[in-house]
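>>> build me a model from this:
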Amino acid sequence: MDPASKSGYHHGDLRDALVSATDRILVERGLDGFSLREAARRAGVSAGAPAHHFGSVYGLLTEVAIRGFEELVAFLKAGEAEGGSDPLARLHGQGRGYVRFAVAFPGRFDLMFRKDRLDDANERLRLVGASARHELERAMAACLGRDISSPHVALAALGAWSLVHGFAHLALDGKLGGPAAMASAIDEMLPQLLAMYRPDREQSGDA
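Presented below is the predicted three-dimensional model:
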């Protein structure tokens, strides 16, 4: 009998329950404290259920990372929309969205960039990761008034990503203070830092 049937889960419900359990473990214990057995226990299913539905620990963690990138894209789009019609404000809004995502989903955020713990050959993971990068490069291209294929855009996007990624880690490490101070830093300090970063001054070989 399928383990999901014993616990009253439908196939999709069990997958979601295991993803939710994994999220909680990652927040509480970090990636090094994660195990399939603990995820199964928290989801209320047999120890073999995660492997049955995801194949391995890499399969389950990869599914969580995929959902993380999907959420990240949504946060980037929401932040960009706050910038209205101004391309630079929209780019800064994406930066705020990136950090807000990291604060909202700290376990997923850490996992998404740990390639050693993910199935790097997973096509869904590759596509959703590329989608997140495309959002940043698209906003950067609009800000610079260049084609998205320009090497200059890729270089500038990498610089902006490095800045907001580091800022996100400062927030998660508690370096920005409590919740109120953190929210203020994301809304006020981060845009000022991004304003100091001038992608139009990056050097590249394209015309």
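>>> check which helix or strand covers the closest residue to Ala78 other than its chain neighbours.
Setting aside the residues directly before and after it, Ala78 is nearest to Gly97 in space (Cβ to Cβ, 6 or more residues apart in numbering), at 5.7 Å. Every C-beta, even on glycine, is put in place using the N, C-alpha and C of the backbone. Using DSSP states H and E, Gly97 sits in helix 87-104.
>>> so what does whichever helix or strand comes after that helix touch, helix or strand wise?
Next in sequence after helix 87-104, counting helices and strands by DSSP H and E, comes helix 106-112. Where contact means 3 or more Cβ pairs under 8 Å, 6 or more residues apart in numbering; DSSP states H and E, helix 106-112 is packed against helix 11-29, helix 57-81, helix 151-172.
>>> for the helix or strand just after the first one, buried residues please.
Same thing as helix 11-29. Later in the chain than helix 11-29, the nearest helix or strand by DSSP H and E is helix 36-43. Neighbour-count burial for helix 36-43, counted by 16 or more other Cβ atoms under 10 Å, picks out 36, 38-40, 43.
>>> one step back: and the helices and strands packed on helix 106-112: which comes nearest His134?
helix 57-81 (8.9 Å; Cβ to Cβ).
>>> sorry, back to before: quick one: the helices and strands packed on helix 106-112 as CSV, columns for mean neighbour count too.
Output for these, formatted as CSV (neighbours: other Cβ atoms under 10 Å):
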stretch, mean neighbour count
helix 11-29, 17
helix 57-81, 20
helix 151-172, 18
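>>> returning to that earlier point: count of residues packed around the residue nearest to Ala78?
For Gly97, the tally of surrounding residues (other Cβ atoms under 10 Å) stands at 24.
>>> try the one 4 residues further on
By the criterion of other Cβ under 10 Å, Phe101 has 25 neighbours.
>>> next one: it from Asp86, what distance?
22 Å (Cβ to Cβ, to the nearest Å).
>>> the helices and strands packed on helix 106-112: which one's closest to Gly129?
helix 57-81 (5.6 Å).
>>> quick check: angle from the closest one to helix 87-104?
140 degrees (axes from the mean of the first three to the mean of the last three Cα atoms, to 10 degrees).
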